[in-house]
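J.: turn this into a model:
(chains A and B)
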Amino acid sequence: MTTHAGDATPSGPPAVIRASLQGKYSGFASRFTAFAVDVGVSLGVFMLALAAISFAAKVLTGADIAWNRGDLWVIIADAVWQFTYFAYSWAASGRTAGMALFGVRVVRDDGTDVSGRRAVVRTLALPLSFLFLGLGFAGILLGDRRRALHDVIAGTAVIYSWDARAARLRFLSRG
Amino acid sequence: MDPFERQRLADGRVVTRREALAQAVTDRAVELVVSALDVNALLDRVDLNAVLDQVDINRLLDRIDLDRLLARMDLNDLVQHIDFDALVEQTDLGAIIAASSSGAASDALDVVRSQAVGLDEFIARWIGRLRRRPYSGPPGPPDGLRARAAS
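T.: Numbers count the residues shown, from 1 in each chain, chains lettered A, B, ... in the order given. Alright, predicted model coming up:
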């Protein structure tokens, strides 16, 4: 029986991480799950912020504030927060919380660190990838450099940033 | 007794004596030459690089029985001679050990990331099959990273 690259075993890392993945273009699953985590984190923080504002308003003025997700200013605040969360994270370190969790990072298409301007462009272009049933993400599956539409627009790419070889050493050291 | 037999015996004794004498003279001569030679001066005149250029190291190594060589070595004694502190300081071994000895959170991260990578590869292999293109692992790295790694 041959072992395919990427075969995961219940007791250890997949065979593919025998080689270091650092710098290789990240795959769809890592990116998608990282994005799902980010959506959860940013939404959670936003809800917490609303709850904190409600609590503060009740303590200070005694008035109850009822939040309605359909309110225009709630939508605007949410959009501003989402933009800040993604743009700041990518500009500051090239990764959001979800990306840090899954060991992936945004870089310029030549592999250098992403600039603030590109981070902003990437954040603004991100919704475009969702249009037409998410057709903009097809490039991650089909492209040679695994780039989505917003990556192409911003001139960025997503790479693995974790040291898979060290992970394997840790796994081996546990016996 | 055959008179020629006596003659042959006498000749044989003479030849043996001559050979012994020649051997003694040669030994003495070699001894004198070696003692007169300044080996260090001789080695100074030898171009060792030129000699090494002519040596086929691979062929030489093929002729060495490493198993036999290792069997004769006391590896425990050898290991005790290694200055591990200096080794850790001068190589990436320290970083590897540090990375290898982190805690449970790191282990959990490894598992999560490994599973995600496994899924990445599973999807990529299937896409490769559908497109009839053999999949040979994740592409990359970007040119800039490759150049940086090479320098």
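J.: use CA for all of it now, contacts and neighbours both
T.: Will do.
J.: and the spatially most central residue of chain B, how far from chain A?
T.: In chain B, the residue lying closest to the centroid (Cα atoms, centre = their mean) is B:Leu61, at 6.9 Å. With distances taken as Cα to the nearest Cα, to the nearest Å, B:Leu61 is found 29 Å from chain A.
J.: helix or strand next in line after the helix or strand harbouring that residue, which one?
T.: Following DSSP states H and E, one finds B:Leu61 within helix B:57-62. Toward the C-terminal end, the helix or strand that comes next after helix B:57-62 (DSSP H and E) is helix B:66-72.
J.: that next one - what's its average pLDDT?
T.: Throughout helix B:66-72, pLDDT has a mean value of 81.
J.: which is the next helix or strand following that helix?
T.: With DSSP H and E, the next secondary element past helix B:66-72 is helix B:75-80.
J.: tell me where chain A is predicted with low confidence.
T.: Applying pLDDT under 70 to chain A flags the ranges A:1-19, A:169-175.
J.: and for chain B?
T.: Across chain B (using pLDDT under 70), the flagged ranges come out as B:1-3, B:84-85, B:87-103, B:149-151.
J.: tell me which parts of it are close to chain A?
T.: B:96, B:99-101, B:107, B:109-124, B:127, B:137-145 (Cα under 8 Å from any Cα of the partner chain).
J.: how about stretch A:35-54: buried residues?
T.: Neighbour counts over stretch A:35-54 (16 or more other Cα atoms under 10 Å in any protein chain shown) mark A:Phe35, A:Val37, A:Asp38, A:Val39, A:Val41, A:Ser42, A:Phe46, A:Leu50, A:Ser54 as buried.
J.: need these in a markdown table with secondary structure, can you?
T.: Below are the buried residues of stretch A:35-54 laid out as a markdown table (DSSP: H, G, I helix; E, B strand; the rest coil):
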| residue | secondary structure |
| --- | --- |
| A:Phe35 | helix |
| A:Val37 | helix |
| A:Asp38 | helix |
| A:Val39 | helix |
| A:Val41 | helix |
| A:Ser42 | helix |
| A:Phe46 | helix |
| A:Leu50 | helix |
| A:Ser54 | helix |
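J.: need those in a markdown table (columns: distance to chain B).
T.: Shown next, in a markdown table, are the buried residues of stretch A:35-54 (distance: Cα to the nearest Cα, whole Å):
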| residue | distance to chain B |
| --- | --- |
| A:Phe35 | 13 |
| A:Val37 | 13 |
| A:Asp38 | 15 |
| A:Val39 | 18 |
| A:Val41 | 17 |
| A:Ser42 | 20 |
| A:Phe46 | 25 |
| A:Leu50 | 31 |
| A:Ser54 | 35 |
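J.: closest to B:Gln23 among those?
T.: Proximity of those to B:Gln23 (Cα to Cα) peaks at A:Phe35, which lies at 90.4 Å.
J.: now do the same contact list for the residue nearest to that closest one when sequence neighbours are not counted.
T.: What sits nearest to A:Phe35 in space, not counting adjacent residues and going by Cα to Cα, 6 or more residues apart in numbering or on different chains, is A:Gly98, at 6.2 Å. Residues in contact with A:Gly98 (Cα atoms under 8 Å, 6 or more residues apart in numbering or on different chains) are A:Thr33, A:Ala34, A:Phe35, A:Ala36, A:Val37, A:Asp38.
J.: you'd agree A:Gly98 is in a helix?
T.: Yes - under three-state DSSP, A:Gly98 sits within a helix.
J.: would you mind measuring from it to chain B?
T.: 11 Å.
J.: now do that residue against A:Arg165, distance only.
T.: 21 Å (Cα to Cα, to the nearest Å).
J.: between all of the buried residues of stretch A:35-54, which two are at the greatest distance?
T.: Farthest pair in the buried residues of stretch A:35-54 (Cα to Cα) is A:Phe35 and A:Ser54. Separation: 28.4 Å.
J.: elements contacting the helix or strand hosting B:Ala41?
T.: Per DSSP H and E: B:Ala41 is located in helix B:39-44. In terms of contacts (3 or more Cα pairs under 8 Å, 6 or more residues apart in numbering or on different chains; DSSP states H and E), helix B:39-44 is not packed against any helix or strand.
J.: from the chain's centre, how far out does it sit?
T.: 27 Å (Cα atoms, centre = their mean, to the nearest Å).
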